[in-house]
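> Predicted model and sequence follow; I will ask about them next.
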Amino acid sequence: MATGFFLPRLIVSMNKILIISTAANPHADALCTELAFHEAEIHRLNIDSLDQAPTVACTGNSLLVNQSHIIPTSGSWSIFIHQPLLAINKLLPHLERIDFDLLLAGWGNFLAALESVFPDALWVNHPRATSATSRLFSQLAIAARAGLNVPDTILTNDKTVATEFVSRQKSVVKVGFVNSPAMLGKRLLTHRVSAQDISDNILNSPCYFQAYIDKQYELRVHIVGDTVLACRIDSQASEQTRVDWRNYDLPNTPHHKISLPERVSIACRTIVKELNLRFGIIDLIVNPNGEYFFLECNAQGHWLWIECLTGLPITKAVTAILLDSTHQDTTSAIF
């Protein structure tokens, strides 16, 4: 049952951990389980739905939860944020658009305020850094400077420009994050597109069009601090996953842990560092010629299915970062 706030374990410790997510988030669960083996003071704040979300109050030096639990914000804190999405879909028939916007703004303001409430915290990841990762062109530029290939990409709602682009090469369309009540937190998957598919509907909203890269296999690269944990996804083994492996067909899509060439590992670490992240998950394509292409870096991606299939110790690596109480955050100085 979803609860707004709980303490999995509370003891006197130098390590104080705040996990902000939702009650049904298995990644937050896995971290709490792993952290329970260490002498850490663990607090978890679940932002779930209007009827079960906790009440919160921020002051200059404390965070009050549910009118009774005071979290002093001084000392060495680590804060892990993973997809704290309001589950409001059941209320949509009665929810006006302005109410929806106010809900998102209010909880967004709360997450932003934590930057000041916990000024010296170690963030995984900092809210401003996470927000900045939505800028695809910025990511592509950073990846190119780091030495990785990037697909030719445009963002347009011009039918002529889009048609000319997809006529020159095999192409895909990416819509990205959709800020609508019905699609809260969801992504529309990447799919192939041809000139005949471009309609006047494109005038309604710019979309990303990107050259389609033929694949030998794909990589999911987890950068946790300086640790690189890479998984090879044989997406071409299943027709269902050939264009986008998120059309999951796990029984027919082999996953293997893999060691990357040193130059690729260095490039991935560079990308995550330049995005001001401590934990980033990078998607790469390896084409039939063995060339590496960067697609994107996710600051709040999923990893548990890869950990289960490959044994890569991703949760342990994230835990180690959170327990690094001697490493204060420097992100706010970078922005």
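That came through, no problem.

> Quick one: the helices in the protein, in order.
26-35, 97-117, 127-132, 136-145, 159-168, 262-274, 304-310, 314-322, 331-334 (DSSP state H).

> of all the ones you listed, which lies closest to Gln240?
helix 304-310 (15.6 Å; Cβ to Cβ). All C-beta atoms are positioned from the backbone trio N, CA, C, and that covers glycine.

> residues in contact with the closest one?
26-27, 30, 220, 222, 231, 250, 255-257, 312-315 (Cβ atoms under 8 Å, 6 or more residues apart in numbering).

> Could I get the helices of the chain in a markdown table, plus columns for mean neighbour count and distance to Pro72?
Listed next are the helices of the chain as a markdown table, based on neighbours: other Cβ atoms under 10 Å; distance: least, Cβ to Cβ, whole Å:
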| stretch | mean neighbour count | distance to Pro72 |
| --- | --- | --- |
| helix 26-35 | 19 | 19 |
| helix 97-117 | 14 | 10 |
| helix 127-132 | 18 | 21 |
| helix 136-145 | 17 | 37 |
| helix 159-168 | 16 | 54 |
| helix 262-274 | 19 | 31 |
| helix 304-310 | 16 | 32 |
| helix 314-322 | 20 | 18 |
| helix 331-334 | 13 | 20 |
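
> how far away is the most centrally placed residue in the chain from Thr130?
Centrality entry for the chain: nearest residue to the mean C-alpha point is Gln300, 2.1 Å, by Cα atoms, centre = their mean. From Gln300 across to Thr130, the span is 6 Å (Cβ to Cβ, to the nearest Å).

> Find residues that contact each of those two.
With Cβ under 8 Å, 6+ apart, Gln300 and Thr130 have common neighbours Ile81.

> ok, back up a step: least confident of the helices of the chain, on average?
In terms of mean pLDDT, the lowest-scoring of those is helix 331-334 (a mean of 44).

> how about JSON lines for the helices of the chain, with distance to Arg242 added?
Below are the helices of the chain laid out as JSON lines (distance: least, Cβ to Cβ, whole Å):
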{"stretch": "helix 26-35", "distance to Arg242": "27"}
{"stretch": "helix 97-117", "distance to Arg242": "35"}
{"stretch": "helix 127-132", "distance to Arg242": "30"}
{"stretch": "helix 136-145", "distance to Arg242": "22"}
{"stretch": "helix 159-168", "distance to Arg242": "18"}
{"stretch": "helix 262-274", "distance to Arg242": "23"}
{"stretch": "helix 304-310", "distance to Arg242": "19"}
{"stretch": "helix 314-322", "distance to Arg242": "26"}
{"stretch": "helix 331-334", "distance to Arg242": "38"}
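
> right, and those helices - which one's nearest Asn66?
It's helix 97-117; of the helices of the chain, that one is closest to Asn66 (Cβ to Cβ) at 14.1 Å.

> what helices or strands is the closest one leaning on?
Judged by 3 or more Cβ pairs under 8 Å, 6 or more residues apart in numbering; DSSP states H and E, helix 97-117 is in contact with strand 56-58, strand 62-65, helix 127-132.

> switch to 6 Å and redo it
On a contact count with 3 or more Cβ pairs under 6 Å, 6 or more residues apart in numbering; DSSP states H and E, helix 97-117 meets no helix or strand.

> just the CA coordinates of it, formatted as CSV?
What follows is helix 97-117, C-alpha atoms only, in CSV (Å, rounded to 0.1, in the frame of the first residue of the first chain):
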residue,chain,number,x,y,z
ARG,A,97,-5.9,21.8,-17.0
ILE,A,98,-5.0,24.7,-14.7
ASP,A,99,-5.2,22.5,-11.7
PHE,A,100,-2.9,20.0,-13.4
ASP,A,101,-0.4,22.7,-14.2
LEU,A,102,-0.5,24.0,-10.6
LEU,A,103,0.1,20.5,-9.2
LEU,A,104,3.2,20.0,-11.3
ALA,A,105,4.4,23.5,-10.5
GLY,A,106,3.9,23.1,-6.8
TRP,A,107,5.8,19.8,-6.5
GLY,A,108,8.4,21.1,-8.9
ASN,A,109,8.8,24.1,-6.6
PHE,A,110,9.3,21.8,-3.7
LEU,A,111,12.0,19.8,-5.4
ALA,A,112,13.7,23.0,-6.4
ALA,A,113,13.5,24.4,-2.8
LEU,A,114,15.4,21.4,-1.5
GLU,A,115,18.5,22.8,-3.2
SER,A,116,18.5,25.6,-0.6
VAL,A,117,17.2,23.5,2.3
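
> got the contact list for it?
Cys58, Leu63, Thr73, Pro127, Pro181 (Cβ atoms under 6 Å, 6 or more residues apart in numbering).

> And those residues, which is the shakiest by pLDDT?
Pro181 (39).

> Enumerate every residue touching Pro313.
Contacts of Pro313 by Cβ under 6 Å, 6+ apart: none found.

> That one and Leu219, how far apart?
From Pro313 to Leu219 the distance is 17 Å (Cβ to Cβ).

> Same check on Ala211?
18 Å.

> In terms of neighbours, single out the busier of those two.
Neighbour count, other Cβ atoms under 10 Å: between Ala211 and Leu219, Leu219 has more, with 20 against 17.

> close enough to count as contact, the more buried one and Leu284?
Yes - in this structure Leu219 lies within contact range of Leu284 using Cβ atoms under 6 Å: 4.1 Å.
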